[in-house]
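[1] All I have is the shape, not the residue letters:
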């Protein structure tokens, strides 16, 4: 620092000389104005003496300064008098303080110019390392900021009470009733300010890691779900016959030789549609099925072998949950109440909608629930309803059942549905593929068509609407005319144009995701987490063999991650989530033959704890916390921890500063975490985490 300090001293010297000249000129003008007879030479000599001893006097004006200046008669006061000495002592302290301040300013100024000269000389070297230094600086500042907030902000989160081990935020019927919410809406999803928990949900005491797919589909541990033997025995007849409840496990007989109840049922539906068997669903245009009140996922478990993807939805249940048990089996499911709000899917989303004993009164609320079924059903799609109500013997005995059946039958016709067949308890309708059917109806016959303002592709828990939606959409394409699975996942140029994409961009996205999946599966190996102990008696499989089954993609974009997993022959299914704050590509994802949902990540996801093996996201942190921050990042991570299975994985890709900040949060969640650099991408990082399996201690 000698060089800049020397330069600063020279500047200060120059500044002091200028101050002397200014004070000297003012004094001479004063002497001339007063026209004193005092000898000019004596006055100038004494004046010079004062200017040397008080070079910055003009900066500290004080009324007492006249006491040691020129008197009214022109003579100089005694410089050694008591009052003068006191004033000089006071002035000297002020002078020393000011001098110290000037020296500091001069030194800093010199350092600045010295830094500029060094930067200019070595600009090439500094530029090459600038980005890395910038990222490290941001990371260090974040860490310093956290430390400055105190140790309480860095400590690990506490565990929730045992009562919360199956807690689902936003679904609490008793609290909703206390708030005055009724008429069936108490079972709806209501996310209030106090719905979140600032703690980590522990698994049940006897929780066991689920069996790997496909064994876990037909055998689950009783301790992992909240269900009793009585609830199993009280299930529907078909469900009860397919389940065997043991002391510590529930087995499903769908894989047992000679047990063909579900196979017979699926075969019956296929025949009613006009197909030979369920293996021909794909050829008829059916790929995705929405199963309302799915039991425990039995239909989806059977159809998955035919490459049919069945999404189970059901109301929240404190115990004996259909959704929790279905997810535990490794099958698609989510909580969704079918009462007063639209489903979080765009119009024309599913090829088939199935309801077997789902407990919905379709004749209530002027048939508005059937209108919602029509909204999410694609043209040419099928609505399958299995109920004792449709049995001829049943409705003849009870007039109220006959009244409901007559209403549904007539209302379906006004929706332009064609009843294809009725066998025993099952009825199958087919939605029209022609828009002209609606205009051909009798006037005031059935619901009207929605206007463009009411028919939107982002129905995030909007109120149910009584008009027919989707008829003005470019996506109005009959399922028979759509590309058949698995080619549907690629979409042709005409289908891409509907979503505003071109073939080249789509192909580039596909190639990048295929490469990413290969890298991910290499990272999700015990090598990177070599310090993580293996479970006794259970060797970790080598990638890519069955490491995960349920995948939650928190920012799915075009569904490229889902497509790449299938291309790589991974035995997984993906819940593709489109954040409500980003671009809505969910119609595109659903048209590719995948499943997905709209969601606001500042709210809890509609699922039970411990339901996903892998949580994946690219760009979510930048989207939610880059510019506008509507909630805390820690809240989102606590929610991810809630829905992630013990020993489950988290893979996040985002900008380096955000990933580094997220890494600091993983310590509070007790996750094992690694930050991985991305080849040929210095701006972003990968955060690879694994959730620890922490058991609750028995009392």
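    Happy to help now that I have it. What you see is a predicted model, and the numbers here were worked out from it, not measured in a lab.
[2] Quick one, grab the pLDDT at residue 503.
    Confidence at residue 503, expressed as pLDDT, is 93.
[3] Report how many residues lie close to the closest residue to it other than its chain neighbours.
    Leaving aside its chain neighbours, residue 503 sits nearest to residue 493 (5.1 Å; criterion: C-beta to C-beta, 6 or more residues apart in numbering). The C-beta positions use only the backbone N, C-alpha and C, and glycine is treated the same way. Burial of residue 493 is recorded as 10 neighbouring residues (other C-beta atoms under 10 Å).
[4] Quick check on residue 493: phi, psi?
    Note on residue 493: its backbone torsions stand at phi -60, psi -30 [degrees, to the nearest 10].
[5] Relative to residue 447, how far out is it?
    35 Å (C-beta to C-beta, to the nearest Å).
[6] Might one say that the residue nearest to residue 503 is in contact with residue 505?
    No - in this structure residue 493 lies outside contact range of residue 505 using C-beta atoms under 8 Å: 11.5 Å.
[7] How about residue 673, nearest residue that isn't a chain neighbour?
    residue 666 (4.0 Å).
[8] Secondary structure element holding that neighbour?
    Assigned by DSSP states H and E, residue 666 belongs to helix 656-668.
[9] elements contacting that helix?
    Here helix 656-668 touches helix 123-148, helix 620-625, helix 633-643, strand 644-655, strand 671-678, strand 681-691, going by 3 or more C-beta pairs under 8 Å, 6 or more residues apart in numbering; DSSP states H and E.
[10] thinking again about what came up before, what about the residue nearest to residue 503, distance to residue 483?
    From residue 493 to residue 483 the distance is 11 Å (C-beta to C-beta).
[11] likewise residue 564?
    19 Å.
[12] of these two, who's got more company?
    Using other C-beta under 10 Å as the criterion, residue 564 and residue 483 rank with residue 564 on top: 21 against 18.
[13] dump the residue contacts of that one.
    Residues counted as contacts of residue 564 (C-beta atoms under 8 Å, 6 or more residues apart in numbering) are 510, 513-514, 516-517.
[14] Is residue 359 in contact with residue 293, as I believe?
    Yes - counting by C-beta under 8 Å, residue 359 does reach residue 293; the two are 6.0 Å apart.
[15] who's more crowded, those two?
    Neighbour count, other C-beta under 10 Å: between residue 359 and residue 293, residue 293 has more, with 18 against 12.
[16] Quick one, grab the pLDDT at the residue positioned nearest the centre of the chain.
    Residue closest to the average C-alpha location in the chain (C-alpha atoms, centre = their mean): residue 601, at 4.2 Å. The model reports residue 601 with a pLDDT of 96.
[17] ok, how many other residues are close to the closest residue to residue 192 other than its chain neighbours?
    The spatially closest residue to residue 192, leaving aside those adjacent along the chain, is residue 170, at 7.9 Å (C-beta to C-beta, 6+ apart). By other C-beta under 10 Å, 18 other residues sit near residue 170.
[18] Name all residues that make contact with residue 170.
    Residue 170 touches 189-192, 195, 603-604, 606, counting by C-beta under 8 Å, 6+ apart.
[19] ditto for residue 635
    Contacts of residue 635 (C-beta under 8 Å, 6+ apart): 196, 198, 602.
[20] As JSON lines, the residues you listed with distance to residue 286 and neighbour count would be great.
    Shown next, in JSON lines, are the contacts of residue 635 (distance: C-beta to C-beta, whole Å; neighbours: other C-beta atoms under 10 Å):
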{"residue": "196", "distance to residue 286": "39", "neighbour count": "19"}
{"residue": "198", "distance to residue 286": "44", "neighbour count": "11"}
{"residue": "602", "distance to residue 286": "36", "neighbour count": "18"}
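[21] wait, which of those residues is closest to residue 162?
    Nearest to residue 162 out of the contacts of residue 635 is residue 198 (C-beta to C-beta; 16.9 Å).
[22] The closest one and residue 634: what is the separation?
    8 Å.
[23] Mutual contacts of the two, please.
    With C-beta under 8 Å, 6+ apart applied, the contact sets of residue 198 and residue 634 do not overlap.
[24] what's the helix or strand for residue 327?
    Residue 327 belongs to helix 322-328, assigned by DSSP H and E.
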